[in-house]
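Engineer: Output the structure for:
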Amino acid sequence: MALASALVSVMLDAVRKTARPMLRDFGEVSQLQISRKGPGDFVTAADVKAEDTLYELLMKARPGYGFLGEERGMMEGTDKSHTWVVDPIDGTTNFVHAIPHFAITVGLERRAPDGTSEIVAGVTYNPVANELFWAEKGKGCYLNDQRIRCSGRRDLSESLIATGLPFIGKTGHAQSIKDIHAVGQRVAGIRRLGSSALDLAWVAAGRFDAYYERNLQRWDVAAGILFVTEAGGIVTTIDIDGDPMNGKQIIAANSDIHPQLRKILQAT
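Structural biologist: Numbering: from 1, shown residues only. Okay, here's the model as predicted:
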């Protein structure tokens, strides 16, 4: 059985406590589907409530840390070297439609004196499936109590690839279609499940051989970047240069599939 450090234990405790009322809210969403008004306002409240709970629990445990959340934005802390990066419900559209594929995700970013930064701990929890992914830099990646690793598949034509598509109001639709057209002709399948945090976690678990997407946010990818690298995979931008943590674009895969997929995407 894997033993989490005190730091990771704080994160695990926070997402578990946040998940309890979220599961109740998810049950309410299922009932709200029959109403004409729809569940949009309810889900917005659930999102804010979840981030408030995470903020309270994480800041109580590490009061000096900064906090970057999808709902409240960036909040500087007295400790300039550490920042919690949080998405309270990654996969909100799934949540709205009562689809049990969404997650609470938290990453801890550490900044060095030279200005460089890295994710040193991460947690992603799908409360409906009770699947808790977690990792700490240099200590491997875990699903609940079992260590996980990226797939060993080498042939791109046999690979299952995950991606995302822009929703209404976001740019990049044309590029996404071009990417899918180029990739889809060379792989066994493409899946769009609606949660980038879980897509990355599933790459780390070997369920997907790779994941790519453009136009993301830092909170979408923070924990997942650590998961994949700790599970033996590679995470980069699609382009030659760039930091995948900025969320603008990302490709994560095992070491054999990564260069093959990246070459295709760079040509689109």
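
Engineer: What count of nearby residues applies to the nearest residue to residue 160 once chain neighbours are set aside?
Structural biologist: If the residues on either side of it in the chain are set aside, residue 160 comes closest to residue 189, at 5.0 Å by Cβ to Cβ, 6 or more residues apart in numbering. Placement of C-beta: from N, CA and C, glycine included. For residue 189, the tally of surrounding residues (other Cβ atoms under 10 Å) stands at 12.

Engineer: Return the backbone torsion pair for residue 189.
Structural biologist: Phi and psi for residue 189, reported as degrees, to the nearest 10, are phi -180, psi 160.

Engineer: swap in residue 207?
Structural biologist: The phi/psi pair for residue 207 (degrees, to the nearest 10) is phi -70, psi -40.

Engineer: One more: residue 63?
Structural biologist: Dihedral angles (degrees, to the nearest 10) for residue 63: phi -60, psi -20.

Engineer: And for residue 229, the neighbour number?
Structural biologist: 19.

Engineer: how much space between it and residue 46?
Structural biologist: Distance from residue 229 to residue 46, counting by Cβ to Cβ, to the nearest Å: 31 Å.

Engineer: what does residue 204 give?
Structural biologist: For residue 204, the distance to residue 46 - Cβ to Cβ - is 27 Å.

Engineer: Settle it for me: which of those two has more neighbours?
Structural biologist: For residue 204 and residue 46, the more surrounded residue by other Cβ under 10 Å is residue 204, and the numbers stand at 34 against 23.

Engineer: Show the model's pLDDT score for the more buried one.
Structural biologist: Among the per-residue scores, residue 204 shows a pLDDT of 98.

Engineer: Surely it touches residue 133?
Structural biologist: Yes - contact criterion Cβ atoms under 8 Å: residue 204 and residue 133 qualify, at 6.8 Å.

Engineer: Next, show the common contact partners of these two.
Structural biologist: Residues within reach of residue 204 and of residue 133 at once, by Cβ atoms under 8 Å, 6 or more residues apart in numbering, are 141, 148, 227.

Engineer: Outside of stretch 144-161 itself, list whatever touches it.
Structural biologist: By Cβ under 8 Å, 6+ apart, the list of residues contacting stretch 144-161 reads 1-2, 130-133, 140-142, 183, 186-191, 203-212, 228, 231-233, 253-257, 260-261.

Engineer: Just the buried ones from these?
Structural biologist: 131-133, 140-142, 183, 187, 190, 203-212, 228, 231-233, 253-254, 256-257, 260-261 (16 or more other Cβ atoms under 10 Å).

Engineer: Now, those residues that are in strands?
Structural biologist: When those are checked against strands using DSSP state E, the ones located there are 131, 132, 133, 141, 142, 190, 210, 211, 212, 253.

Engineer: beta partners of the last one?
Structural biologist: Partner residues in beta bridges with residue 253, using DSSP bridges, are residue 210, residue 234.

Engineer: could you measure it against residue 17, distance?
Structural biologist: 33 Å.

Engineer: just the fifth one next, same as before
Structural biologist: The gap separating residue 142 from residue 17 is 19 Å, by Cβ to Cβ.

Engineer: again with the first one
Structural biologist: In this structure, residue 131 lies at 17 Å from residue 17, with Cβ to Cβ as the measure.

Engineer: cool, the third one as well?
Structural biologist: Taking Cβ to Cβ as the criterion, residue 133 is separated from residue 17 by 17 Å.

Engineer: same thing with the fourth one?
Structural biologist: Residue 141 sits 22 Å away from residue 17, going by Cβ to Cβ.

Engineer: Show me what the longest strand along the chain pairs with in its sheet, parallel or antiparallel.
Structural biologist: Secondary structure of the chain per DSSP E: the longest strand is strand 79-90. Note on strand 79-90: by DSSP bridges, its sheet partners are strand 65-69 (parallel), strand 103-111 (antiparallel).

Engineer: Next, residue 28: secondary structure please.
Structural biologist: helix (DSSP: H, G, I helix; E, B strand; the rest coil).
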